[in-house]
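S.K.: What follows is a predicted protein model with its sequence.
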Amino acid sequence: MVKVGIIGGSGIYDPSMFDHVKEQKVRTPFGTPGDSFIVGSMNGIEAVFLSRHGRGHKYSPTDLNYRANIYGMKKLGVTHIISVSAVGSLKESLKPLDIVIPDQVYDRTTKRVSTYFEGGIVAHISFADPFCRKLSDILYETAKEKYRVHNGGTYLCMEGPQFSTKAESRIYRKLGFDVIGMTALPEAKLAREAEICFAILATITDYDVWYEEPVSIGQVIEYAAKNEEAVKDILRRAVGRIEDTDCPCRHALEGAIATSPDAIPEKVKRDLKPLIGPYIK
Ligand SMILES: CSC[C@H]1O[C@H](OP(=O)(O)O)[C@H](O)[C@@H]1O
Ligand SMILES: Nc1ncnc2[nH]cnc12
């Protein structure tokens with residue numbers, strides 16, 4: 001069965017495209033998720049919404065509890081996550097209000113816990129292709145029918161919360177990165193560890209700081225809001241196209257856990273049961 005999780009980013013705080021909603025608080029061994037989960041349906045498909053920064057935009061990219069957010073999705077039975085994100089453009093051809101479905105990510109974060117596997121358990125998942133190919137293709141094909149959208153591109157994930165300097169932005173452009181944001185990581189890594197298909201629907205809000213006026217939070221929110229209806233329209237139509245077929249993301253932990261089952265502490269086994277249950281008896 002398909003159950004879709006939507007993580008709303010800057011400017012997208014409510015799931016007005018959902019039907020039959022109820023709020024659900026989820027407890028996790030990793031602390032409290034950024035907000036209650038909104039459980040409902042969209043276009044006839046079961047769906048769960050979480051505002052990444054919390055309603056009222058309370059948590060900065062560094063302070064987000066990414067582990068609790070993704071664990072909560074897993075506990076609620078989510079099989080696919082579409083992560084909505086506002087990004088800056090590092091290329092002239094990627095214009096504000098365009099949509100991008102990134103296919104790579106480059107990590108420039110420094111302060112985030114980016115794994116569930118610690119404290120007595122070790123796992124090394126493959127992350128060569130960080131985003132689910134099938135889910136990304138669905139987003140691209142759906143968006144293409146009505147909007148200007150780019151298929152692929154590298155998302156540079158910076159720590160923030162300050163925006164980049166001009167020197168940094170120039171270097172990122174020279175290195176060929178496409179868009180810049182602050183939240184794709186560790187979200188994508190944790191979703192892979194949780195064996196959830198994960199793709200990003202990014203909307204370009206600015207040209208970062210290398211072009212004309214440097215980015216400001218006002219511009220990001222203004223442009224994210226301009227694209228809000230387009231994003232919700234894409235989400236509504238895309239979820240109906242997700243099929244309940246097999247995908248490598250859903251087996252990411254197969255052969256990836258290095259620790260022998262009898263060496264894993266009982267508490268870790270209990271805490272990670274929703275993730276490692278099928279592999280550790
Ligand atoms: C609000 S300005 C910077 C902020 O916007 C992006 O957020 P999100 O990815 O949640 O849409 C960016 O990553 C920063 O967190
Ligand atoms: N220029 C930018 N840098 C980092 N995160 C962003 N989110 C939106 N625009 C951004």
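M.R.: Ah, there it is. Ligands and ions are numbered 1, 2, ... in the order given.
S.K.: okay, CA-based contacts and neighbour counts for the rest of this
M.R.: OK.
S.K.: Any buried residues in the lowest-mean-pLDDT helix or strand in the chain, and which?
M.R.: Taking mean pLDDT, DSSP states H and E as the measure, strand 19-24 is the helix or strand of the chain with the lowest mean score, a mean of 92. Within strand 19-24, the residues scored as buried using 16 or more other C-alpha atoms under 10 Å are 19, 21.
S.K.: Which element is encountered next along the chain beyond it?
M.R.: strand 37-42 (DSSP states H and E).
S.K.: That following strand pairs with which strands?
M.R.: strand 19-24 (antiparallel), strand 45-51 (antiparallel) (DSSP bridges).
S.K.: neighbouring contacts of that strand?
M.R.: Applying C-alpha atoms under 8 Å, 6 or more residues apart in numbering, the contact partners of strand 37-42 are 15, 17-26, 46-50, 236, 239.
S.K.: now do 6 Å
M.R.: With C-alpha atoms under 6 Å, 6 or more residues apart in numbering as the test, strand 37-42 has contacts from 18-24, 47-50.
S.K.: same check, this time on stretch 127-136
M.R.: Outside stretch 127-136, the residues that reach it (C-alpha under 6 Å, 6+ apart) are 197-199.
S.K.: repeat for stretch 187-201
M.R.: In contact with stretch 187-201 (C-alpha under 6 Å, 6+ apart) are residues 66, 79-84, 101, 131-132, 136, 249-250, 252, 275.
S.K.: Tell me, what's the model's pLDDT at the residue of the stretch 151-281 of the chain found nearest ligand 1?
M.R.: Residue nearest to ligand 1 within the stretch 151-281 of the chain: residue 182 (3.4 Å; C-alpha to the nearest ligand atom). What the model reports as pLDDT for residue 182 is 98.
S.K.: For it, give me its contacts.
M.R.: Per C-alpha under 6 Å, 6+ apart, neighbours of residue 182: 61, 157-159.
S.K.: Of those residues, which pair is most distant in space?
M.R.: Distance extremes for the contacts of residue 182: the farthest pair is 61 and 157 at 10.2 Å, using C-alpha to C-alpha.
S.K.: How about the residues of the stretch 151-281 of the chain by ligand 2?
M.R.: When proximity is defined by C-alpha under 6 Å from any ligand atom, the stretch 151-281 of the chain lies next to ligand 2 at 163, 180-182, 205-206, 208, 215, 220.
S.K.: Next, format the residues you listed as CSV and append distance to residue 111 and secondary structure.
M.R.: Output for these, formatted as CSV (distance: C-alpha to C-alpha, whole Å; DSSP: H, G, I helix; E, B strand; the rest coil):
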residue, distance to residue 111, secondary structure
163, 16, coil
180, 17, strand
181, 15, strand
182, 12, coil
205, 25, strand
206, 25, strand
208, 22, coil
215, 23, coil
220, 23, helix
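S.K.: Which members of those are classed as buried?
M.R.: Neighbour-count burial (16+ other C-alpha under 10 Å) applied to these gives 163, 180-182, 205-206, 208, 215, 220.
S.K.: before we move on, back to that, what's the closest of the strands paired with strand 37-42 to residue 120?
M.R.: When the strands paired with strand 37-42 are compared by C-alpha to C-alpha, strand 45-51 sits nearest residue 120, at 30.0 Å.
S.K.: Contacts for the helix or strand following that closest one next, please.
M.R.: Per DSSP H and E, the first helix or strand lying C-terminal to strand 45-51 is helix 66-75. Contacts of helix 66-75 with the rest of the structure, by C-alpha under 6 Å, 6+ apart, involve 26, 28, 30-33, 187.
S.K.: Let's see that with 8 Å instead.
M.R.: In this structure, residues lying in contact with helix 66-75 by C-alpha under 8 Å, 6+ apart are 5, 26-34, 48, 50, 52, 114-116, 186-187, 190-191, 194, 196, 274-275.
S.K.: Pull out the buried positions in the helix or strand just after that helix.
M.R.: Following helix 66-75 in sequence order, the next helix or strand is strand 80-89 (DSSP H and E). Residues of strand 80-89 classed as buried by neighbour count (16+ other C-alpha under 10 Å): 80-89.
S.K.: which among the residues you listed are in contact with ligand 2?
M.R.: 86-88.
S.K.: can you give me the helices in this protein?
M.R.: 66-75, 133-144, 166-174, 184-193, 217-226, 228-239, 266-271, 273-276 (DSSP state H).
S.K.: Okay then, goodbye and thanks.
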